[in-house]
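Asker: give the three-dimensional model of this entry:
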Amino acid sequence: MKSYKKTLEYLFNQLPMYQREGKRAFKKDLTNIKALCKYLGNPQKKFKSIHVGGTNGKGSVSHILASVLQTANYKTGLYTSPHLKDYRERIRINGCLVSKDFVIDFVEDNKYILDKIRPSFFEISVAAAFLYFAEKMVDFAVIEVGLGGRLDSTNILMPILSVITNIGIDHTQILGNTVKKIANEKAGIIKHNIPIVIGETSSKTRSVFIEKAEDMNAQIYLADYLYSAHYRQINIDNKQVFNIYKGGELFFENIKTDLLGSYQQKNIITALQAIDILKTNFTISKDDMYEGFANVIKKTGIRGRWQILGKEPLIISDTGHNEDGISAVVKQMETLTYKKLHFVYGAVNDKKLDKILNLLPRKAEYYFTEANIPRAFDRYKLKEQAEKFNLKGKTYPSVKNALMSAKSKAKTNDLIFVGGSTFVVTEVL
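Answerer: Alright, predicted model coming up:
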């Protein structure tokens, strides 16, 4: 029997992993995942699933849906990626991480097929999640797309509902370098006769989704046409409060969420539209929705979304890392009151950094660093590029080092922000 540590070493070191290596780990077809799941008895066919894709917000929407379904007393599986601290964060049931024993046994029991077809790290993780949810007989599994949609390993599912949160520029080496090309890849999760929710549309993407839905005879719901969320306040228990309108009428008054970040209002209306569809066949009450939205962190364990790590000085981290994600983070920062901004920043080497750097606040002291992964962008090159955009600061060999320096310099009424890459956030949690 292998130890959990040895099992993880096998997964991380012997098999390609997009999280660490980038494009090389991405498979351009579904052959491996189909073969692996066939060997396992096609577990993905043994539970009801909700498939969630998009550029930004798909993780938050997946966790919100899982929280509401759990509250409605459904045994709910949740598969998300990447993990932040522990591999087992990827696979949960009712907020509880998959057991170490399951991960060990999955690799040991299926060593023959893993060595034969050499699936990627992500393909193995997806297959393990499908088997776990089937064995544990979940009522629902909320499955987040890893990358893209059409060729993502999760796309062998036949869900009861598909969701695409939005489209932004990200992973251009794989998905294409225009919003329309990326939308076409994401639209690959739209299935025959399966309803599809689109969270946020634009003039460039709307027609792509509508045409694909028509081809697939799939009922399409454009959430941002049907719902609007109006921010009210952050209440005394540190939850955001929104009024939700549907068709111009007040639909939900004072709905709260423990997910901070003003960008969550887009995710809330996407999740509400999805739940509206689920409610036609499954019992989900208004109380379930209120409680589920208010306790997403508590019920699912989601981390890294506008997460407050300290006060005096205020320390915030967020995993937003592409143009749209960084833009939302910067807008949120502008709503805060602080004397000086200390920005701990690191990136990965497959992002178009010029557009992202152009969005970052000029009035800040930067702590340029790199996460401990092969894809990390060199901190010296990062500083050099940032200086072209008048972003000033020093380099630090590790994220921990950078944060320690920021803490030592910051005054009690300053703001320290940590971000730029999911992996930078991982190292401070």
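Asker: just checking, E185 is part of a helix?
Answerer: Yes: applying DSSP: H, G, I helix; E, B strand; the rest coil, one finds E185 inside a helix.
Asker: what is the burial count for it?
Answerer: Other residues near E185 come to 21 when the count uses other Cβ atoms under 10 Å. Every residue, glycine included, has its C-beta placed from N, CA and C.
Asker: which parts of stretch 235-246 are buried?
Answerer: Using 16 or more other Cβ atoms under 10 Å as the test for burial, stretch 235-246 gives 239-242, 244-245.
Asker: dump those to JSON lines, plus pLDDT and secondary structure.
Answerer: Converted to JSON lines, the buried residues of stretch 235-246 look like this (pLDDT from 0 to 100; DSSP: H, G, I helix; E, B strand; the rest coil):
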{"residue": "K239", "pLDDT": "93", "secondary structure": "coil"}
{"residue": "Q240", "pLDDT": "93", "secondary structure": "strand"}
{"residue": "V241", "pLDDT": "95", "secondary structure": "strand"}
{"residue": "F242", "pLDDT": "95", "secondary structure": "strand"}
{"residue": "I244", "pLDDT": "95", "secondary structure": "strand"}
{"residue": "Y245", "pLDDT": "95", "secondary structure": "strand"}
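Asker: which one of those is nearest to K136?
Answerer: Proximity of the buried residues of stretch 235-246 to K136 (Cβ to Cβ) peaks at K239, which lies at 30.6 Å.
Asker: for the closest one, give me its contacts.
Answerer: The contact partners of K239, by Cβ atoms under 8 Å, 6 or more residues apart in numbering, come to 256-258, 294.
Asker: one more: I416?
Answerer: Applying Cβ under 8 Å, 6+ apart, the residues contacting I416 are 310, 313-316, 342-344, 403, 406-407, 410.
Asker: ok, which pair from these is furthest apart?
Answerer: G310 and F343 (15.3 Å).
Asker: those two: who's more crowded?
Answerer: More crowded of G310 and F343, by other Cβ under 10 Å: F343, with 23 against 13.
Asker: pretty sure that one is in a helix, no?
Answerer: No: assigned with three-state DSSP, F343 falls outside any helix and is strand.
Asker: surely it and F417 touch.
Answerer: Yes: assessed by Cβ atoms under 8 Å, F343 is found in contact with F417 at 5.3 Å.
Asker: name the element A134 belongs to?
Answerer: Element membership for A134 (DSSP states H and E) is helix 121-135.
Asker: mind listing what's buried in that helix?
Answerer: 121-134.
Asker: G325: which of those residues is nearest?
Answerer: F122 (20.6 Å).
Asker: quick check, pLDDT for the closest one.
Answerer: The model reports F122 with a pLDDT of 92.
Asker: quick one, strands of the stretch 251-400 of the chain?
Answerer: 307-310, 314-317, 341-345, 365-368, 392-395 (DSSP state E, counting those that start in this stretch).
Asker: so where's this structure shaky on pLDDT?
Answerer: Within the chain, the segments meeting pLDDT under 70 span 1, 14-28, 169-177, 351.
Asker: tell me, what residue is most central in it?
Answerer: G59 (3.0 Å; Cα atoms, centre = their mean).
Asker: so what's that residue up against?
Answerer: Counting by Cβ under 8 Å, 6+ apart, G59 has contacts 80, 144, 302, 305.
Asker: so what's the third one up against?
Answerer: Think I302. 59-60, 63, 259, 296.
Asker: re earlier: just flag the most distant two among the contacts of G59.
Answerer: Of all pairs in the contacts of G59, the most separated under Cβ to Cβ is E144 and R305 at 13.7 Å.
Asker: torsion angles phi and psi at the residue nearest to I210 when sequence neighbours are not counted?
Answerer: The spatial neighbour of I210 that comes closest, neighbours along the chain excluded (Cβ to Cβ, 6 or more residues apart in numbering), is I220 at 6.2 Å. When read as degrees, to the nearest 10, the backbone of I220 gives phi -110, psi 140.
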